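>>> Need the 3D shape of this:
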Amino acid sequence: MGGHDYNIALFVFFIPVPSNVVLKRISPSLWLSCIMVLWGIATIGQGLVKSFEGLVAMRVLVGIFEAGLFPGCVYLISMYYQRYELQWRLSLFFSASILAGGFGGLLAYALAKMDGIGGYSGWRWIFIIEGLLTVIVGIIARFWVCDWPETANFLTEEERAMLTSRLQTDSGEAIMNRLDKAAAKRIFTDWKIYTGVIMYMGIVNTGYSGSFFVPTIIRELGYTSASAQIRSIPIFIVAAICSIASAYLTDRLRHRFGFCIFGLVVASVGYVILLAQEGLSVAVKYFALFLVVPGGYITQPIVLAWVQNCMSGHYKRSISAAMTVGFGNLGGIVASNVFFTEEAPLYKTGYGVGLGFLWICGVGCVVLFLGVIWENRKRDRGERDWRLQGEDVDNLGDDHPSFRFAT
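Purely as a prediction, here's the structure:
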């Protein structure tokens, strides 16, 4: 591939197809395992294609099948825990993705050494082996992934009743278990969901930039490909530690906004260093990556949890998670198209766009924070009690006057 072909191949990966409504109607263990197996097969296909057009076609299929996994997992996890228990669990799950950003490149580098075996190039073996591993994990997941709390077979009847009671205590009367016309209107006119999309779009740009290009950036600092892969690992380990530590604190303090802004500030300092890198030592440039990547991964999972904390009801959480991740991945599309080879090693466009997108997220965080404070105060004053007079009072979700939003 030449020119911008690599960027195009990354671009099509982010075409999202929401699947959480399907997930709500069938068991998570079946749906999530099926899409894993299908994208594993499509990944194998990437290693067997004979043309750039074939690669793009396989990449589209991977994007279609994989698009449902992450929002589906976020939705499923959110249905098991109270709101201020969620961040810790979500970040543990998210840390696997962070670490994959570091070790995945090293695995790919090792698999590339299979070059020539069976008549296949090394890059083909990367897709074939990783696709096979995905298929195997997907099959295992059918018997390992838990279903909804009401039907989870790893719980006894007493445990299910206790869990249901705990969740009802957290959400109170704010339920949404019917997807009728009134519920759909409430969901698709909720400003909080669209604010969450903007927040996630802004922060996910940095997340994907790190996963795609950190090894490339390190290599541009003068290291070999092998050294670049190895030196990227500590960055992602630090990012995972920071993400988990901040998750513990934000749950314990029952506060989201301040931690989101803290992560944005840390990452911004790193971007500023990289934008002004001319004349700086390699050590300083490398240090900047320890600010950009961990800073981004402090904020990204908190954004997801915060948006879910502001939703209540099965269908509301389902659709909000799909929209936040699906449309928010527009930031990933941008990330895959702003690091131009002709700008190496300075990557002014990539770093500048990354910094700008961080503060698109920041503006969204401020809007959500001030908006939910304003709404909570109106509910405290009884100014939303008129909603209790409607016919759908048993299906209001977080529009119920008794519900209070996380800040």
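>>> Please make it C-alpha for all contacts and neighbour counts, starting now.
Noted.
>>> Leaving out chain neighbours, which residue sits closest to G105?
Q229 (6.0 Å; Cα to Cα, 6 or more residues apart in numbering).
>>> whoops, G54 was the one
Once its chain neighbours are removed from consideration, G54 has its nearest residue in Q46; the separation is 7.6 Å (Cα to Cα, 6+ apart).
>>> Tell me, how many residues neighbour that neighbour?
Summarising burial for Q46: neighbours were counted as other Cα atoms under 10 Å, giving 27.
>>> Could you check the pLDDT of V307?
For V307, the model assigns a pLDDT of 95.
>>> Just list the residues touching it, thanks.
With contacts defined as Cα atoms under 8 Å, 6 or more residues apart in numbering, V307 is in contact with 192-193, 196, 320.
>>> before we move on, back to that, now the residue nearest to G54: how far from V56?
With distances defined as Cα to Cα, to the nearest Å, the gap from Q46 to V56 amounts to 9 Å.
>>> sec struct for F405, please.
With DSSP: H, G, I helix; E, B strand; the rest coil as the basis, the three-state label of F405 is coil.
>>> Which residues are in contact with it?
309-310, 372-373, 376.
>>> what do you get if the cut-off is 10 Å, keeping everything else the same?
Under the criterion of Cα atoms under 10 Å, 6 or more residues apart in numbering, the contact partners of F405 comprise 83, 306-312, 369, 371-373, 375-376, 398.
>>> Check what pLDDT it gets.
Confidence at F405, expressed as pLDDT, is 94.
>>> For it, grab phi and psi.
Here is the backbone geometry of F405 (degrees, to the nearest 10): phi -90, psi 150.
>>> what's V292 in contact with, if anything?
Neighbours of V292 in contact, by Cα under 10 Å, 6+ apart: 206-207, 209-210, 235, 239, 263-274, 351, 354-355.
>>> how about Q308, secondary structure?
helix.
>>> Inside strands: which ones of the contacts of V307?
The strands, defined by DSSP state E, take in nothing from these.
>>> now those as JSON lines including pLDDT?
Supplementary listing: those in JSON lines, determined by pLDDT from 0 to 100:
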{"residue": "K192", "pLDDT": "97"}
{"residue": "I193", "pLDDT": "95"}
{"residue": "G196", "pLDDT": "96"}
{"residue": "S320", "pLDDT": "89"}
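>>> now, which of those residues lie within helices?
For those, the ones inside helices are 192-193, 196, 320, with DSSP state H as the criterion.
>>> Tell me how far the residue nearest to G54 lies from V60.
Here Q46 is placed at a distance of 10 Å from V60 (Cα to Cα).
>>> quick one: what helix or strand has D147 in it?
Using DSSP states H and E, D147 sits in no helix or strand.
>>> And for F259?
Here F259, judged by DSSP H and E, is contained in helix 257-275.
>>> Can you give me the buried ones in that helix?
257, 259-271, 273-275 (16 or more other Cα atoms under 10 Å).
>>> Report all helices and strands that that helix contacts.
helix 191-220, helix 225-253, helix 282-309, helix 348-380 (3 or more Cα pairs under 10 Å, 6 or more residues apart in numbering; DSSP states H and E).
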